[in-house]
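1. my questions are about this predicted structure, shown below with the sequence.
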Amino acid sequence: MSSTATAQQQSIHDAAAPHLSFRTIAGYGAGDAGCNIAFQMTGLFLLIFYTDVVGISPVHAGNIFLFVKIWDAFADIFAGRMVDRTMTRWGKFRPFLLWYSVPLLAMNLLCFWIPVDDYGMKLVWATVSYAVLGLLYSLVNIPFGSLAGAMSQNPVDRSRLASARMVGSGATILLLSLVLAPQIKAADDLATTFLVTSALFLVIGTVMFMTTFLTSKETVYREVEKVSLRETIRTVRQNKPLLRLCASSFFYLTGQNVVSAMGIYIANDALAQYAGAGNWLASVVTIITTGAVLYVGPLGPGVTRRLGKKTGFMGACGIAITGGLIFGLSGSLLLSLVGLFLIGFGMALLNTMTWALEADTVEYGELQTGIRTEGATYAAFSFTRKVGQAVGAAIASYSLAFVGYNGELEVQPQSVIDGMTASVAFLPAAFFLVALLIMSRYPLTEARFAEIMTQIQARRAERHAELAGTGTAPADGPAGDDGLPPAGTR
């Protein structure tokens with residue numbers, strides 16, 4: 001074997017070896033905690049804030065969610081283009097955390113503070129504040145999510161980063177579950193509770209985002225720093241694994257957001273018939289459904305190593321479907337909680353697998369086109385996620401209206417309780433099943449990804465050899481003494 005071939009194999013082996021430190025992994029997870037202060041607080045509590053505190057009807061609330069989330073989807077495309085056109089001394093992605101994180105957290109506060117009495121003005125305030133929050137969230141979350149693909153190309157490292165995201169998200173959900181969820185029925189002034197919590201989270205979130213900014217580094221070498229719109233469209237259009245992942249994610253996120261939006265209603269109304277008026281159910285339901293990412297996230301790397309991301313994704317769908325059926329058919333508190341636990345477990349594992357899968361599609365797009373477009377790839381993925389979230393949140397709102405929910409009643413009629421239970425049990429299970437069927441045809445397995453990385457490394461080696469032969473260093477990206485990118489960045 002020639003020395004050139006040996007060196008190339010060694011380079012590929014080095015690239016495949018996990019190298020990110022615990023400090024870096026944990027710092028990245030802190031950023032997801034910051035993102036989820038806005039995302040989870042609105043996802044979990046904004047609907048009940050609208051219906052039970054502000055007095056907005058479920059139908060109008062559903063219209064707001066549907067409009068704003070679709071607006072968010074196009075905001076993601078805008079943010080992705082901004083990312084692909086940006087390059088600073090701090091890198092391509094990290095500066096957005098510095099620029100937009102504090103405005104995002106401040107707008108979260110304004111979503112939970114509607115100081116007008118006129119019903120029409122309440123609708124305007126709610127719509128505008130939520131829409132601006134969505135735009136700012138895109139300007140933070142798109143570069144944050146894209147950052148993982150620029151920190152490492154190693155599958156295990158990426159799975160660790162995805163797990164860190166889930167732990168960061170879970171920590172935020174746990175905090176919301178223990179501090180805010182029990183107050184929904186117990187607080188004398190729920191409006192003040194929401195406002196004070198939002199103000200506190202503004203401070204906490206700022207610390208989280210700055211931690212990510214200071215501990216994360218962009219090390220993956222790129223031939224092109226700024227990507228044209230034509231190159232962006234070509235890369236996304238030719239990325240078949242990304243398109244299939246987007247389609248599957250749309251359906252599972254629709255189901256997930258039905259569960260998340262209706263969790264508090266299920267706890268305070270449907271399950272209260274078994275356990276009396278105890279406020280502890282709101283915390284428990286939130287923790288075992290939306291908050292499951294906290295204890296499921298760390299399992300992601302192990303699932304990736306043993307089953308692979310595709311099989312892990314499909315298995316997670318199966319678990320969530322099983323949980324939905326158990327919850328819908330149960331006649332006791334214990335079985336209901338078991339069903340909700342399985343739904344939460346499946347959804348959390350789906351999220352872990354999804355983020356790792358998305359990062360892999362960047363390399364597929366680079367192989368097809370020769371261009372790395374993390375921002376556009378993430379934006380296309382996030383676009384479908386936002387549409388799924390919009391449809392899920394709207395379905396939850398419309399379901400409440402359809403079954404006759406009345407936020408002014410202390411106890412809901414049995415017909416309303418049965419309708420809410422069926423909505424949380426069977427609608428999400430159907431969406432998870434469709435997501436599973438779509439993912440069954442996903443082509444990017446671990447073996448195929450290894451082949452792609454080998455081909456990319458070989459292409460880069462040829463490119464670097466050509467530049468070295470002409471005495472020209474690569475124009476973009478960090479360079480070492482030999483005119484090539486440092487070994488850790490190839």
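-> Okay, I see it. Numbering: from 1, shown residues only.

2. by residue count, what's the longest helix in this structure?
-> Ranked by residue count and defined by DSSP state H, the top helix of the chain is helix 333-369.

3. which positions in that one come out as buried?
-> 336-367, 369 (16 or more other CB atoms under 10 Å). From N, CA and C alone the C-beta is placed, and that goes for glycine too.

4. show me what the mean pLDDT comes to for the helix or strand that comes right after it.
-> The helix or strand immediately downstream of helix 333-369 is helix 374-403, counting by DSSP states H and E. Mean per-residue pLDDT for helix 374-403: 82.

5. elements contacting helix 374-403?
-> Applying 3 or more CB pairs under 8 Å, 6 or more residues apart in numbering; DSSP states H and E, one finds that helix 374-403 contacts helix 22-48, helix 58-84, helix 119-151, helix 229-237, helix 240-265, helix 333-369, helix 414-439.

6. now those helices as JSON lines including mean pLDDT?
-> Putting these into JSON lines (pLDDT from 0 to 100) gives the following:
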{"stretch": "helix 22-48", "mean pLDDT": "86"}
{"stretch": "helix 58-84", "mean pLDDT": "83"}
{"stretch": "helix 119-151", "mean pLDDT": "90"}
{"stretch": "helix 229-237", "mean pLDDT": "67"}
{"stretch": "helix 240-265", "mean pLDDT": "89"}
{"stretch": "helix 333-369", "mean pLDDT": "85"}
{"stretch": "helix 414-439", "mean pLDDT": "94"}
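
7. to Trp280, which of the ones you listed lies closest?
-> With distances scored as CB to CB, the stretch of these nearest to Trp280 is helix 333-369 (11.6 Å).

8. residues near Asp117, how many?
-> Using other CB atoms under 10 Å, Asp117 has 8 neighbouring residues.

9. so it is in which element?
-> Here Asp117 is assigned to no helix or strand, by DSSP H and E.

10. do you know how far it is from Phe45?
-> Distance, Asp117 to Phe45, using CB to CB, to the nearest Å: 22 Å.

11. how close does Gln238 get to Gly370?
-> 11 Å.

12. before we move on, what about Pro443?
-> Pro443 sits 20 Å away from Gly370, taking CB to CB as the criterion.

13. those two: who's more crowded?
-> Just comparing Pro443 and Gly370: by other CB under 10 Å the higher neighbour count belongs to Gly370, 14 against 10.

14. now do the helices in the stretch 151-300 of the chain.
-> All helices of the stretch 151-300 of the chain, identified by DSSP state H, counting those that start in this stretch, fall at 155-179, 183-186, 190-215, 229-237, 240-265, 272-275, 280-288, 293-296, 300-306.

15. for Arg89, find the nearest of those.
-> With CB to CB, the closest approach to Arg89 among these belongs to helix 190-215: 13.1 Å.

16. which helices and strands sit right next to the closest one?
-> helix 22-48, helix 94-111, helix 183-186.

17. give the buried residues for the second one.
-> In other words, helix 94-111. Buried positions in helix 94-111, judged by neighbour count with 16+ other CB under 10 Å: 94-97, 100-102, 104-111.

18. who touches it?
-> The contact list for helix 94-111 (CB atoms under 8 Å, 6 or more residues apart in numbering) reads 31, 34, 37-38, 41-42, 46, 82-83, 86, 88, 90, 126, 129-130, 132-133, 136-137, 139-140, 142-144, 147, 195, 198-199, 201-202, 205-206, 209-210, 212-213, 216, 218.

19. and if we set it to 6 Å?
-> 38, 88, 129-130, 132-133, 136-137, 139-140, 143, 198-199, 202, 205-206, 209, 213 (CB atoms under 6 Å, 6 or more residues apart in numbering).

20. coming back round to it: let me know the closest of the buried residues of helix 94-111 to Ala458.
-> Distance to Ala458 across the buried residues of helix 94-111 (CB to CB) is lowest for Arg94, with 29.7 Å.
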